[in-house]
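>>> Sequence first, then the predicted structure:
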Amino acid sequence: MCTFIRRMRISHLNTARWLSTSRTNNMKVSVLGAAGGIGQPLSLLLKQSPLISHLALYDIVNTPGVAADLSHINTSTIVTSHTESPELYHCLKDADLVVIPAGVPRKPGMTRDDLFTTNASIVKHLATGCAEHCPNAFICIIANPVNSTVPITAEVFKDNGVYNPKKIFGVTTLDIVRANTFVAVSKDLDVNQVSIPVVGGHAGVTILPLLSQAKPTVNFSNEELTTLTTRIQNAGTEVVEAKAGQGSATLSMAYAGARFVFSLLRAAQGERGISECAFVESTVVPELPYFSTPLLLGKEGIAQNFGLGKLSDFEKKGLEALIPELSKNIEKGIRFNKFE
Ligand SMILES: NC(=O)C1=CN([C@@H]2O[C@H](COP(=O)(O)OP(=O)(O)OC[C@H]3O[C@@H](n4cnc5c(N)ncnc54)[C@H](O)[C@@H]3O)[C@@H](O)[C@H]2O)C=CC1
Ligand SMILES: O=C([O-])CC(=O)C(=O)O
């Protein structure tokens, strides 16, 4: 029995039935790092989804309060709270999808790679819990540096003999959300109609927006291409500096994370034609074993990798430029798991 139900004495008449019925149209989603800057608003958005029957929240601090608060919202999603490592099992058992925003955020002057020292161990610990307790769940990694934490997670799953590359995703949706916004604003377009693929990784120059593939078709001058690409690549830093030491993007990330989770859940429940970019195991760029590209999502995760499509000369240069950095980040994640 999870501590939230035990300690808070909150009873839901139908809890047992909700938690034990067949999982079709009845998904359990676990949020690890649920009490953090991203975890709280992300959980709020997830609590509103009819796709989710059970929202299991795990953090090392403050989880009971966040769960009690969310549980008062009159939607049918049951919220449970789990703190401390032994309770990770209850949080993860029978999960269909796990989303991981646990880990420290940047302060001004730091790169995402500077977070590796702290976040690599946190992600390794949580990924180990997922591999042991819910090896078939979709795993969505938000914790930075995504370019390294995704390889760490994949290696943990391999070590446990449960690796399925179609189900492990680095969440890069915020890059797409930003690209759509910045292009719509600069070209005076309806943002709801704009769709820009963003490929590569999730840090600085490894973020490569494919503005030549913008929908609707948009013409950009060379100056606009450079300005927009640089802004999309540095948008995380823009927020870190604006927050001046109080963390990095949380609200826009919660929005982007919820969008990605809903896309995966809808595809898992059989809806067709759902596509998102994500950082996954890949053969698209031979030098890079992980890479983000647009993916068709299906019941079992990645149904098809759409690859890069036709690149402009500007984007070809961007791709060449990102390979050494992204390769280093990926290698660091793989090595961490082998030697730490
Ligand atoms: N993928 C992306 O596009 C983005 C990623 N991020 C990353 O997301 C991560 C979280 O950011 P914030 O929520 O702003 O940070 P935060 O510090 O506000 O929240 C992190 C939460 O993780 C929890 N935590 C730490 N160790 C844990 C463990 N072992 N098990 C469970 N929970 C643990 C903390 O208690 C805290 O509540 C950072 O690494 C940040 O860089 C942030 C924005 C965008
Ligand atoms: O910039 C950061 O550290 C957080 C992040 O990944 C983003 O906002 O894209």
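On my side now, so go ahead. Numbers count the residues shown, from 1 in each chain. Ligands and ions are numbered 1, 2, ... in the order given.
>>> Quick one: the strands in the chain, in order.
Applying DSSP state E to the chain gives strands spanning 27-32, 52-59, 78-83, 97-100, 138-141, 168-170, 198-200, 207-209, 274-281, 290-298, 301-305.
>>> Can you report how many residues lie near whatever residue of the stretch 201-340 of the chain ends up closest to ligand 2?
Nearest residue of the stretch 201-340 of the chain to ligand 2 (CB to the nearest ligand atom) works out as Gly236 at 2.3 Å. C-beta: built from backbone N, CA, C; applies to glycine. Applying other CB atoms under 10 Å, we find 24 other residues in the vicinity of Gly236.
>>> what about the residue in the chain that ligand 1 sits nearest to, distance to Asn219?
Nearest residue of the chain to ligand 1: Gly36, at 2.0 Å (CB to the nearest ligand atom). According to CB to CB, to the nearest Å, Gly36 and Asn219 sit 41 Å apart.
>>> So for the two, which sits in the more crowded spot?
Between Gly36 and Asn219, counted using other CB under 10 Å, Gly36 has the larger neighbour count: 25 against 9.
>>> Just confirm the more buried one contacts Val104, I think it does.
No - with contact defined as CB atoms under 8 Å, Gly36 does not count as touching Val104 (9.3 Å).
>>> what residues does the stretch 101-250 of the chain put near ligand 1?
Residues of the stretch 101-250 of the chain found near ligand 1 (CB under 6 Å from any ligand atom) are 101-106, 115, 119, 122, 125-126, 142-144, 146, 171, 174, 202, 247-250.
>>> picking that back up, export the strands of the chain to a markdown table and tack on mean pLDDT, distance to Ile232 and mean neighbour count?
Output for the strands of the chain, formatted as a markdown table (pLDDT from 0 to 100; distance: least, CB to CB, whole Å; neighbours: other CB atoms under 10 Å):
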| stretch | mean pLDDT | distance to Ile232 | mean neighbour count |
| --- | --- | --- | --- |
| strand 27-32 | 98 | 27 | 29 |
| strand 52-59 | 98 | 30 | 25 |
| strand 78-83 | 97 | 35 | 25 |
| strand 97-100 | 98 | 23 | 26 |
| strand 138-141 | 99 | 20 | 26 |
| strand 168-170 | 99 | 17 | 28 |
| strand 198-200 | 98 | 7 | 28 |
| strand 207-209 | 98 | 5 | 26 |
| strand 274-281 | 98 | 13 | 22 |
| strand 290-298 | 98 | 13 | 24 |
| strand 301-305 | 98 | 22 | 17 |
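>>> Nearest to Pro324 among those would be which one?
strand 198-200 (12.3 Å; CB to CB).
>>> Tell me which of the strands of the chain lies nearest to Gly333.
strand 290-298 (8.4 Å).
>>> re the thing from before, and the residue of the stretch 201-340 of the chain closest to ligand 2, how far is that from Met253?
9 Å.
>>> and for those two, which residues touch both?
Leu174 (CB atoms under 8 Å, 6 or more residues apart in numbering).
>>> And for Val261, nearest residue in space, chain neighbours not counted?
For Val261, ignoring the flanking residues on the chain, the nearest one in space by CB to CB, 6 or more residues apart in numbering is Val99 at 5.9 Å.
>>> Quick one: residues contacting the one you found.
Val29, Ser30, Val31, Leu32, Leu42, Cys140, Ile142, Val171, Gly257, Val261.
>>> Just grab the bridge partners of the second one for me.
The residues listed as beta-bridge partners of Ser30 by DSSP bridges are Ala56, Val98.
>>> So it sits against Cys134, correct?
Yes - between Ser30 and Cys134 a contact is recorded at 7.5 Å, counting by CB under 8 Å.
>>> Overlap in contacts, the two.
Counting by CB under 8 Å, 6+ apart, the residues touching both Ser30 and Cys134 are Leu92, Ala95, Val98.
>>> and of those residues, the nearest to Ile207?
Val98 (24.3 Å).
>>> Show the contacting residues for the closest one.
Val29, Ser30, Val31, Leu32, Leu92, Cys130, Cys134, Ala137, Phe138, Ile139, Cys140.
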